[in-house]
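Asker: coordinates only, no sequence provided:
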């Protein structure tokens, strides 16, 4: 089993004079799901991009143990509405293996990736005809098709209904547990993050302000400092902790 | 399990799509052959079809028919195919690399640059060391390349994103059109007439050596372009996703620009500016074949060739015995066809 390892050391990202990410350091390894939390504009997307090698940055981003496999990066949905079919879109995940003729094995692989997400039925549809949530699942299938060692996902659940959110996060967890993938997912839903991630990393104004196990990180104090919200921690009858925002702090 | 039947169906649908595309391309090729034959059979000389056919198979008797068929009709008909294909391809590539349905070498200043170059040589005329017959195509080719370089450099000032490149192209189109208008204003009446006729676009300038040049350039450039087919397809998902898939976006875009520059230059140099084909042909191909550039690019070439060949036929039959500039006809028959295509289509393709 491939176990990737990612090490970020004092990573900063600038857009002109604006510093989107400020000296963030942490590490992650294959087999775990890390949820990246923080308000809008806190630097989650920039940090993911820098980690994926798609953005100029300062500091060090080091990947180990990829064993020839790639890093799958899922950007936020940009509403690409093209006349590409779903199957062609998924095939693009294996861009380097494709020629003017597409090998049968590649088609099998792409269909298997769709089937894994339960959307093989979408294969002949045009990408532009799908809902935002369906499109998001298709792009996830595109990543899985390439069999990466790590997945960096920027708000993959934002367009999904509750059931699909639940299933997607469950799948990410299985990929980490059973296939040793390193999974980092930027997400807004704190409770979903707490339920599915092994660790949370919280950004505020580009700085990493907390990292660790969900129960340790998600506290009313953090809610106040990072989100400006007064929150209560409720415990469900089965013992799950749920963060419940009750008021905005001025 | 539902999954099994869905995967079987997905594979079957993939097979059907491939078959449908192959039959559409074959149908297009058949239409192209028909247009080509009609193009050979028609002309101001009003030759009988049997005489043309006899000449083509080497059984011609009349030297005048031989001359018309072999030195005029055949080069003109073949030039329509090559130039149409080149314009269709350049439009498809531009629309893809600029992520814009309105992009073509005509709308983004490349043809305007070529037109200005040609007009400049016509006005300077005898002052040039080269004969006008060579100098005009050469200038048109060079100024098409100059316009492309201008778009790339100007757009590149802000990161060569599709938006900046499109804006740079539109700015350059207006610039070259203004310069062209200035030249026309200052030109002698004879030169003015020559410029206007050049700008109309005409296939009648085709000769075997010119055909050889266009064919050679395309034979080199098109295979290189097709190597980028999947990367161009990836660009249609947006720069971000393409980059995440491992595409060097700027590199693909640059190579696309080089292709557009060379193919537009060589096409426009010998036949003048022909609008519309480069804009419409890719849309026709996209509507029928989809966005997979392995199929879209050949489809756009085919659609461009059919369109220009059909326009060439139409230009000869609107007024029998005379020749109507083909550049005017492409728009006159192209616009209603395009409007029908868009209005009749139920799916959105861009």
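Answerer: Sure thing, it's come through. Note that the coordinates shown come from a computational prediction; the quantities given were computed from them, not determined experimentally.
Asker: check contacts around the nearest residue to residue B:236 once chain neighbours are set aside.
Answerer: Counting by C-beta to C-beta, 6 or more residues apart in numbering or on different chains, residue B:236 lies nearest to residue A:82, which is 4.6 Å off, once chain neighbours are set aside. Any C-beta I mention is one placed from the backbone N, CA and C, and that applies to glycine too. Neighbour list for residue A:82: A:126, A:127, A:128, B:236, B:237, B:291, B:350 [criterion: C-beta atoms under 8 Å, 6 or more residues apart in numbering or on different chains].
Asker: and the longest helix seen in chain A, what does it pack against?
Answerer: The single longest helix within chain A, with elements called by DSSP state H, is helix A:162-179. The contact analysis (3 or more C-beta pairs under 8 Å, 6 or more residues apart in numbering or on different chains; DSSP states H and E) places helix A:162-179 against strand A:33-37, helix A:132-145, strand A:150-154, strand A:182-186, helix A:190-196.
Asker: do you know how far residue B:288 is from chain A?
Answerer: As defined by C-beta to the nearest C-beta, to the nearest Å, residue B:288 lies at a distance of 10 Å from chain A.
Asker: then residue B:196?
Answerer: Distance from residue B:196 to chain A, by C-beta to the nearest C-beta: 39 Å.
Asker: with residue B:134 instead?
Answerer: 37 Å.
Asker: what is the neighbour count of residue 108?
Answerer: Unless you meant another one, I'm taking chain A. By other C-beta atoms under 10 Å in any protein chain shown, the residues close to residue A:108 number 12.
Asker: wait, I meant chain B there
Answerer: Residue B:108: 29 neighbours (other C-beta under 10 Å).
Asker: before we move on, back to that, ok, and what's touching the longest helix of chain A?
Answerer: Applying C-beta under 8 Å, 6+ apart, the external contacts of helix A:162-179 come out as A:1, A:30-33, A:116-118, A:133, A:137, A:140, A:144, A:151, A:153, A:156-157, A:160, A:181-183, A:185, A:189, A:192, A:195-196, A:198.
Asker: hmm, back to that, three-state assignment of the residue nearest to residue B:236?
Answerer: Under the three-state scheme (DSSP: H, G, I helix; E, B strand; the rest coil), the conformation of residue A:82 reads as coil.
Asker: shouldn't residue A:46 be in contact with residue A:18?
Answerer: No: look at residue A:46 against residue A:18 with C-beta atoms under 8 Å: they stay out of range, at 10.1 Å.
Asker: up against chain B, what does chain A have?
Answerer: For chain A, the contact set with chain B under C-beta under 8 Å from any C-beta of the partner chain comprises A:52, A:54, A:70, A:72-75, A:78, A:80-85, A:87-89, A:92-93, A:95-96, A:98, A:100, A:107-108, A:111-112, A:114-115, A:118, A:120-121, A:123-124, A:126, A:128-129, A:139, A:142.
Asker: give me the PyMOL select line for these, limited to the buried ones.
Answerer: To isolate the buried subset of those in PyMOL, counting by 16 or more other C-beta atoms under 10 Å in any protein chain shown, use the following:
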select buried, chain A and resi 52+54+70+72+73+74+75+80+81+82+83+84+85+87+88+89+92+93+95+98+107+111+112+114+115+118+120+121+123+124+126+128+139+142
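Asker: next up, the contacts around the most centrally placed residue in chain A.
Answerer: Centrality entry for chain A: nearest residue to the mean C-alpha point is residue A:153, 2.1 Å, by C-alpha atoms, centre = their mean. Neighbouring residues of residue A:153 by C-beta under 8 Å, 6+ apart: A:48, A:73, A:74, A:140, A:172, A:183, A:184, A:185, A:186.
Asker: that one and residue A:138: what is the separation?
Answerer: According to C-beta to C-beta, to the nearest Å, residue A:153 and residue A:138 sit 14 Å apart.
Asker: so residue B:205 sits against residue B:268, correct?
Answerer: No: with contact defined as C-beta under 8 Å, residue B:205 does not reach residue B:268; the gap is 11.4 Å.
Asker: out of these two, which sits in the more crowded spot?
Answerer: Counted by other C-beta under 10 Å, residue B:205 and residue B:268 do not tie: residue B:268 has more neighbours, with 31 against 18.
Asker: check which helices and strands the helix or strand harbouring that one sits against.
Answerer: Taking DSSP states H and E as the criterion, residue B:268 maps to helix B:249-271. Packing partners of helix B:249-271 (3+ C-beta pairs under 8 Å, 6+ apart): helix B:74-97, helix B:110-124, helix B:132-156, helix B:208-227, helix B:229-235, helix B:239-244.
Asker: quick check: angle from it to helix B:74-97?
Answerer: 160 degrees (axes from the mean of the first three to the mean of the last three C-alpha atoms, to 10 degrees).
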